[in-house]
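Participant: my questions are about this predicted structure, shown below with the sequence.
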Amino acid sequence: MLNRVFYESRAISRFGPITLLSLQKRCVQRNLADGITSFMFSNQKRIFQVLEGPEDKVDATMARITDSRLHDTVKIRAVMRDTERKFQHWPFGATNTDDPEFKRVMTAGMMTDFFSLDVLQAERVLSIVASRKRRAVKVDEYSAKLRNFSRKRPPRGFFTVPDKPKPVKTGRVFFQNTKAQRAAGG
């Protein structure tokens with residue numbers, strides 16, 4: 001049985017992209033080790049997050065969150081038990097008001113303020129955003145291990161130099177008239 005905790009908090013300072021990135025780097029490894037998945041929404045002043053995993057691990061994570069210097073007031077909005085994870089591919093997923101996927105989901109649902117939603121509506125919005133982001137992002141991006149690129153097989157999407165150079169077509173060359181060429185009659 002899994003615990004799912006929904007909490008809301010106020011950020012002590014401006015919760016921007018750099019703060020989120022540093023938080024994400026710290027939390028992904030710990031969440032993978034503890035078997036916790038989560039998804040967060042932030043709007044620079046307020047944070048809403050869903051944590052899911054074993055009860056003891058989620059409780060320990062919530063204790064760390066309440067002691068964290070990032071959060072001013074932490075309010076638990078709901079605690080649920082479930083057999084399945086809603087955010088199974090996200091050790092620490094995040095979205096914010098500037099995310100185009102988040103904007104599309106909110107507009108399609110004719111919703112204006114995320115923090116005025118009840119817990120089930122907020123969970124639904126975050127699960128839709130997470131599934132759309134999941135399709136756009138590779139699973140490897142959120143693994144805690146660094147990729148080991150070999151020289152034999154370059155990573156996908158990178159420019160590779162072919163083994164055989166293509167033959168160069170001869171033609172007219174402009175702006176290369178040197179004294180040696182002029183003397184040769186070129």
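Facilitator: That came through fine. Numbering: from 1, shown residues only.

Participant: could you use CA atoms for every contact and neighbour count after this?
Facilitator: Will do.

Participant: show me which residues of stretch 119-127 are buried.
Facilitator: Within stretch 119-127, the residues that qualify as buried by neighbour count (16 or more other CA atoms under 10 Å) are Val119, Ala122, Glu123, Val125, Leu126.

Participant: name the SS class of the second one, please.
Facilitator: Reducing the assignment at Ala122 to three states with DSSP: H, G, I helix; E, B strand; the rest coil gives helix.

Participant: if I look at it, how far off is Tyr7?
Facilitator: Remark: distance between Ala122 and Tyr7 (CA to CA, to the nearest Å) = 11 Å.

Participant: Ile65 should be in a strand, yeah?
Facilitator: No: counting by three-state DSSP, Ile65 is not part of a strand but helix.

Participant: surely it meets Thr73?
Facilitator: No: using CA atoms under 8 Å, Ile65 makes no contact with Thr73, being 10.2 Å away.

Participant: and Arg4, how many residues sit next to it?
Facilitator: Number of residues near Arg4 (other CA atoms under 10 Å) recorded here: 24.

Participant: dump the residue contacts of it.
Facilitator: For Arg4, the contact set (CA atoms under 8 Å, 6 or more residues apart in numbering) comprises Val50, Leu51, Glu52, Gly53, Val58, Val79, Met80, Arg81, Asp82.

Participant: just the buried ones out of those, please.
Facilitator: Val50, Leu51, Glu52, Gly53, Val58.

Participant: and those, which is closest to Ala130?
Facilitator: Proximity of the buried ones among the contacts of Arg4 to Ala130 (CA to CA) peaks at Val50, which lies at 11.8 Å.

Participant: find the nearest non-adjacent residue to the closest one, please.
Facilitator: Excluding the flanking residues, the one nearest Val50 by CA to CA, 6 or more residues apart in numbering is Phe6, at 4.6 Å.
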